[in-house]
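Q: have a look; sequence and predicted model below, questions after that.
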Number of protein chains: 2
Amino acid sequence: MDRRIEKTRKAIFDAFDTLIVKFDYAKISVQNIINEAKVGRSTFYLHFTTKNDLLRARCIDLVERIFAPIGTETTHASSMKFTFEEKIMHILYRLLDNKNVIKGILASEGRPIFLQYFRSYLVNTVENEDVHFAEVPDIFLENHIAGSFIEMVCWWVNCDFSESPENLTRWFLCVLPTLSTNINDNKHLTLNKNI
Amino acid sequence: MDRRIEKTRKAIFDAFDTLIVKFDYAKISVQNIINEAKVGRSTFYLHFTTKNDLLRARCIDLVERIFAPIGTETTHASSMKFTFEEKIMHILYRLLDNKNVIKGILASEGRPIFLQYFRSYLVNTVENEDVHFAEVPDIFLENHIAGSFIEMVCWWVNCDFSESPENLTRWFLCVLPTLSTNINDNKHLTLNKNI
DNA sequence: TTAATATTGAACACAGTGTTCAATAACAGT
DNA sequence: ACTGTTATTGAACACTGTGTTCAATATTAA
């Protein structure tokens, strides 16, 4: 509606991003943010109740972009069906797009907040896959898959995103019980398997 | 050496434990802690440089107890070899001993600090198992196993420790690629397998 | 142009931090 | 029990950052 609002909001988000890649979240003050954003103090508090509120908003924004349906970045709104593998790869590529901010958030007190939202979207994705395995409860299995993925992402970020999304995806699927049909001596795995 | 030192340290740790199960870490002030511990303000700062320093110390203390060699709780110092399964179960039982504090820490900003130390001990444990699987790099696999375990623990804490350590251990081993020899149609798994 | 609304920045009260210091208490060793 | 050493105490202090208020100003949509 009012262009001033989105303009200010964007300025604050950008300032936050700039600062979070350089400094620890705890060391950043509201004053720092509004200096960087070139925005009045009271303006900041009209948009966000707290520094933490800003962090939360930034995380939600990030996670929503990461999980936005494939095809959103192009012109077509797609309700197509994708394989689990494709979805995973897509998420990894979007994480790569926001490399630095994510690294900054994960290295600071922002970590649990980001992971909380990331997890909830991820669990939702996994639930849609309708996975089952042996006598392990579905809820346990779902948590295992979502959790493993999160851990892999954190490891990836820690390694400064060395290793390609393709490698990560292959290894990840390989290591999951439901997705690898390793009948022949645990040596091979089946990819592209739409579960 | 001086009994006053450990007495004060214990008083502060106990106060911290009492508060962390009731309140969010961020809402607890140094003043709260020294009131609860019945200790002078300057005394606190002689022991810890910061509230965060205390948190860190408490986490290290906790994790060290959790990973203390099996048999330490009895009189015998044991350098015996235990199976991976036994080690896991042991850790789960020790987590149960510290149920409330751990739940409190994991629910607050203490989470990443606790998990950091927990992870480093866990990775060390996994490395000692000398695991390998298919064409997945060892470093990836080790992170996957340690990470999965951490996620399972967090899930467990979230569920208020419903489910027995025995169940968790069985499911966990079942879901790991290296530990389950699921040749016969992914239906069964081998336990008690010393890898 | 206008009425509505967003921004500004200085001023403010407030809460919590970490330090200092001189007085006091508790300690270990003899 | 005595003594030199060391830990504890609590009040006072300067300091940093928070979140609010308000009247003046600027920008917006229509």
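A: Arrived safely.
Q: let me see the domain layout of chain A.
A: Listed by automatic domain parsing, the domain ranges of chain A are A:3-48, A:66-175.
Q: just name the most buried of these.
A: Of all these, domain A:66-175 has the most neighbours on average by mean count of other CB atoms under 10 Å in any protein chain shown, namely a mean of 17. All C-beta atoms are positioned from the backbone trio N, CA, C, and that covers glycine.
Q: work out the gap between that domain and the centre of the chain.
A: Relative to its parent chain, domain A:66-175 has a centroid offset of 7 Å by CA atoms, centre = their mean, to the nearest Å.
Q: can you identify each of the helices in chain A by residue range?
A: Assigned by DSSP state H, chain A shows helices spanning A:3-22, A:30-37, A:41-47, A:51-66, A:84-97, A:99-106, A:111-127, A:138-158, A:165-175.
Q: of all the domains of chain A, which lies closest to DNA strand C?
A: Taking CB to the nearest atom of the strand, domain A:3-48 is the member of the domains of chain A nearest to DNA strand C, at 3.0 Å.
Q: ok, that closest one near DNA strand D or not?
A: Yes - under the criterion of CB under 7 Å from any atom of the strand, DNA strand D is reached by domain A:3-48 at A:Arg3, A:Arg4, A:Lys7, A:Ser29, A:Val30, A:Gln31, A:Arg41, A:Ser42, A:Tyr45.
Q: mind putting those residues into JSON lines with pLDDT and distance to B:Pro177?
A: Putting the residues of domain A:3-48 next to DNA strand D into JSON lines (pLDDT from 0 to 100; distance: CB to CB, whole Å) gives the following:
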{"residue": "A:Arg3", "pLDDT": "95", "distance to B:Pro177": "53"}
{"residue": "A:Arg4", "pLDDT": "96", "distance to B:Pro177": "54"}
{"residue": "A:Lys7", "pLDDT": "97", "distance to B:Pro177": "51"}
{"residue": "A:Ser29", "pLDDT": "98", "distance to B:Pro177": "47"}
{"residue": "A:Val30", "pLDDT": "98", "distance to B:Pro177": "47"}
{"residue": "A:Gln31", "pLDDT": "98", "distance to B:Pro177": "50"}
{"residue": "A:Arg41", "pLDDT": "98", "distance to B:Pro177": "54"}
{"residue": "A:Ser42", "pLDDT": "97", "distance to B:Pro177": "56"}
{"residue": "A:Tyr45", "pLDDT": "98", "distance to B:Pro177": "51"}
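Q: okay if I get those residues as CSV plus distance to A:Thr83?
A: Converted to CSV, these look like this (distance: CB to CB, whole Å):
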residue, distance to A:Thr83
A:Arg3, 41
A:Arg4, 44
A:Lys7, 40
A:Ser29, 46
A:Val30, 45
A:Gln31, 48
A:Arg41, 50
A:Ser42, 50
A:Tyr45, 46
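Q: now the two most distant members of the residues you listed.
A: Greatest spatial distance in the residues of domain A:3-48 next to DNA strand D: A:Arg3 and A:Ser29, 27.9 Å, computed using CB to CB.
Q: check contacts around A:Asp138.
A: By CB atoms under 8 Å, 6 or more residues apart in numbering or on different chains, A:Asp138 lies in contact with A:Val131, A:His132.
Q: pLDDT at it, what is it?
A: Per-residue pLDDT puts A:Asp138 at 96.
Q: for the one 10 residues further on, same thing?
A: For A:Ser148, the model assigns a pLDDT of 98.
Q: same thing with the one 10 residues further on?
A: Confidence at A:Asn158, expressed as pLDDT, is 96.
Q: same question, A:Asn184
A: On the pLDDT scale, A:Asn184 gets 37.
Q: closest to B:Glu163 out of the helices of chain A?
A: That would be, of these and by CB to CB, helix A:138-158, which comes in at 8.3 Å.
Q: for chain A, what lies in contact range of DNA strand C?
A: Residues of chain A lying near DNA strand C (CB under 7 Å from any atom of the strand): A:2, A:4-5, A:7-8, A:38-43, A:46-47.
Q: farthest-separated two in those residues?
A: A:Asp2 and A:Arg41 (20.1 Å).
Q: isn't A:Met151 up against B:His144?
A: No, residue A:151 isn't Met; it's Glu. Yes - here A:Glu151 reaches B:His144: they are 7.0 Å apart, a contact under CB atoms under 8 Å.
Q: in chain A, where is pLDDT below threshold?
A: Applying pLDDT under 70 to chain A flags residues A:71-80, A:179-195.
Q: what parts of it come near DNA strand D?
A: A:1-4, A:7, A:29-31, A:41-42, A:45, A:49-51.
Q: show me the two of these that sit farthest apart.
A: Most distant of these, by CB to CB, are A:Met1 and A:Ser29, 30.6 Å apart.
Q: now A:Arg166: how far from chain B?
A: Rather than Arg, residue A:166 is Glu. 13 Å (CB to the nearest CB, to the nearest Å).
Q: ugh, wrong one, A:Trp155
A: Distance of A:Trp155 to chain B, computed by CB to the nearest CB: 5 Å.
Q: ok, that residue - contacts?
A: Listed by CB under 8 Å, 6+ apart, the contact partners of A:Trp155 are B:Phe140, B:Asn143, B:Gly147.
Q: what about 7 Å?
A: B:Asn143 (CB atoms under 7 Å, 6 or more residues apart in numbering or on different chains).
Q: over to the one 5 residues further on?
A: Taking CB under 7 Å, 6+ apart, we find A:Asp160 in contact with no residue.
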